[in-house]
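S.K.: structural data only, the sequence is not supplied:
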């Protein structure tokens, strides 16, 4: 597992560490010199992702205190690789010893072992959602590189409960909800649903929405370098995701061209355009047009559940498994900063890359 742990082209994030190892390490390569990087800015996002923050998340209680160990001098980036370490202080790898010879349904256990011949049996190893600390840390730094861009991310749906949100909610409105849904009525119903599935030793999935304003036009390149392609790769790299869409997404398949095309109202050369609608989510041909970039990321139900499930052991023999330990009945409340981090990393990387596109 070498290149699979690196994201980005100019701004690159390297992640290391396992769910029940001693620490999680994030190294950010390509950070320009002169960027103000504070411990507080990184910690604010880490705290939003940390486990044990409410009864709606895993009871594993980690402070997730990040420590900058390289690349920053007196609060300013030096141009060298930035390294941030987050210790794992509440590990319980022994919880998995009794099921180490069985493959957990829905997890990467069987695929990891088939590919590499062995696997880290303490939790999910590199397949654990805890590895998304790198997305959060890297995203915090990325947001400081592109301070003009505004990132808004929130829980849009859990199960069949969908939020009704007008416009772009504030961070305060989002953080007011324990499940990070800015619709108070939907938030209450979502919390009830999570507690219900938790009581049944089950789990539930949902959808997170992201909105990126003022990222600017001209980000992304034709074909394989499209913003949509890079963003989709980043979002689906988040452990626990299942789908991503931009603008109207799958809903666009139900429209006619006369409904879907965004009428252009104004614009000037390379400064961006103003459109009457934003069905395409801020891109055309995979290049940003200056309108807000919008999308949604789907999360399936958390794979670790307490119910008895059918599986096989290492010998290939049928057996059953009951997973104990500390797990999220719904990962979405903690996944919001991971989605936001990935969005910021892609925007910052393409912003730096865009400086090479014209003389």
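M.R.: The structure has been received and is ready for your questions. Being a predicted model, the structure only gives us computed values, none of them experimental. Numbering: from 1, shown residues only.
S.K.: low-confidence bits of the chain, can you list those?
M.R.: Per-residue confidence for the chain (pLDDT under 70) gives these ranges: 1-2, 51-54, 57-62, 90-99, 122-123, 325-326, 359.
S.K.: helices along that one, start to end?
M.R.: For the chain, applying DSSP state H gives helices covering 39-49, 109-116, 133-145, 171-175, 184-199, 227-236, 257-260, 332-354.
S.K.: could you check how far residue 353 is from residue 10?
M.R.: Residue 353 sits at a distance of 5 Å from residue 10 (criterion: CB to CB, to the nearest Å). Placement of C-beta: from N, CA and C, glycine included.
S.K.: same drill for these two, tell me which one is more crowded.
M.R.: Neighbour totals were compared for residue 353 and residue 10, and residue 353 leads with 19 against 16 (other CB atoms under 10 Å).
S.K.: could you measure from that one over to residue 266?
M.R.: Using CB to CB, residue 353 is found at 27 Å from residue 266.
S.K.: same check, this time on residue 87
M.R.: 52 Å.
S.K.: more neighbours, those two?
M.R.: Using other CB under 10 Å as the criterion, residue 87 and residue 266 rank with residue 87 on top: 17 against 8.
S.K.: isn't the more buried one up against residue 21?
M.R.: No - in this structure, residue 87 is not within contact of residue 21 by CB atoms under 8 Å, at 10.0 Å.
S.K.: of the helices of the chain, flag the one that's most buried.
M.R.: When the helices of the chain are scored by mean count of other CB atoms under 10 Å, the highest mean neighbour count falls to helix 133-145 (a mean of 27).
S.K.: between it and helix 39-49, how many degrees?
M.R.: Angle of helix 133-145 versus helix 39-49, following axes from the mean of the first three to the mean of the last three CA atoms, to 10 degrees, is 140 degrees.
S.K.: how far does helix 133-145 sit from its chain's centre?
M.R.: Remark: helix 133-145 is offset 11 Å from the chain centroid, using CA atoms, centre = their mean, to the nearest Å.
S.K.: and that helix, what other elements does it pack with?
M.R.: Using 3 or more CB pairs under 8 Å, 6 or more residues apart in numbering; DSSP states H and E, the elements in contact with helix 133-145 are strand 12-16, strand 23-29, helix 39-49, strand 82-87, helix 332-354.
S.K.: what lines up beside the fourth one in the sheet?
M.R.: If I follow you right, that is strand 82-87. Paired with strand 82-87 in the same sheet, following DSSP bridges, are strand 23-29 (antiparallel), strand 67-70 (antiparallel).
S.K.: gap between it and the chain center?
M.R.: Its chain's C-alpha centre and that of strand 82-87 lie 18 Å apart, by CA atoms, centre = their mean.
S.K.: ok, and for that strand, which residues are buried?
M.R.: Across strand 82-87, burial judged by 16 or more other CB atoms under 10 Å covers 82-87.
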